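Enquirer: The sequence and its predicted three-dimensional model are supplied below.
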Amino acid sequence: MIKNVNEFASNPIAAGKGGSMQVLIGANKAPNFAMRKFILKSGGNMPLHTNTVEHEQYVLAGSAKVIMGDEERIAKKDDVIYIPAGVPHSYEVLGDEDYEFLCLIPTTQEDCITLLSC
């Protein structure tokens with residue numbers, strides 16, 4: 001499969017502000033990992049939450065304050081982030097540029113999300 005990213009639907013994220021997600025490679029195409037692209041608009045955020053699966057992320061553009069557990073860091077273009085399953089995490093976009101990242105998750109188990117704050 002080779003497709004342009006613009007061929008995939010972009011769906012708003014219900015939690016937080018200014019977020020959308022594209023499923024680029026889903027469980028129907030790859031048996032082990034899904035690839036998703038997230039965009040958080042300038043001024044946007046994703047509230048503190050947990051997932052039942054690990055996340056591997058690659059930042060494509062922008063910067064954001066990322067909280068993971070007790071750690072707070074600034075993530076920016078070309079950074080790589082690993083979030084273990086069950087670790088609370090959140091994002092707050094910094095500056096005028098949208099924060100964009102690829103997120104890979106295993107498809108071998110369901111990804112259940114629990115919001116810890118709104």
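Expert: Yep, it's here. Numbering: from 1, shown residues only.
Enquirer: My guess is Leu104 contacts Glu54. True?
Expert: No. The pair Leu104 / Glu54 is not scored as a contact, 9.1 Å apart, by Cβ atoms under 8 Å. Where C-beta positions appear, they are placed from N, C-alpha and C, glycine not excepted.
Enquirer: Among the two, which residue is more densely surrounded?
Expert: Leu104 (18 against 15; other Cβ atoms under 10 Å).
Enquirer: Skipping adjacent residues, who's closest to the more buried one in space?
Expert: Glu56 (4.5 Å; Cβ to Cβ, 6 or more residues apart in numbering).
Enquirer: go on, Thr52?
Expert: Closest to Thr52 by Cβ to Cβ, 6+ apart is Cys112, at 4.4 Å.
Enquirer: Count the neighbours of Arg73 for me.
Expert: By other Cβ under 10 Å, neighbour count at Arg73 equals 12.
Enquirer: re the thing from before, what's the spacing between the residue nearest to Leu104 and Asp96?
Expert: From Glu56 across to Asp96, the span is 27 Å (Cβ to Cβ, to the nearest Å).
Enquirer: State which strand of this structure is the longest.
Expert: Assignment by DSSP state E gives strand 33-51 as the longest strand of the chain.
Enquirer: That strand: partners in the sheet, and parallel or antiparallel?
Expert: strand 17-25 (antiparallel), strand 89-94 (antiparallel), strand 99-106 (antiparallel), strand 113-115 (antiparallel) (DSSP bridges).
Enquirer: And it, how far out from the chain middle?
Expert: 3 Å (Cα atoms, centre = their mean, to the nearest Å).
Enquirer: can you give me the end-to-end distance of stretch 81-98?
Expert: Using Cα to Cα, to the nearest Å, the end-to-end distance of stretch 81-98 comes to 17 Å.
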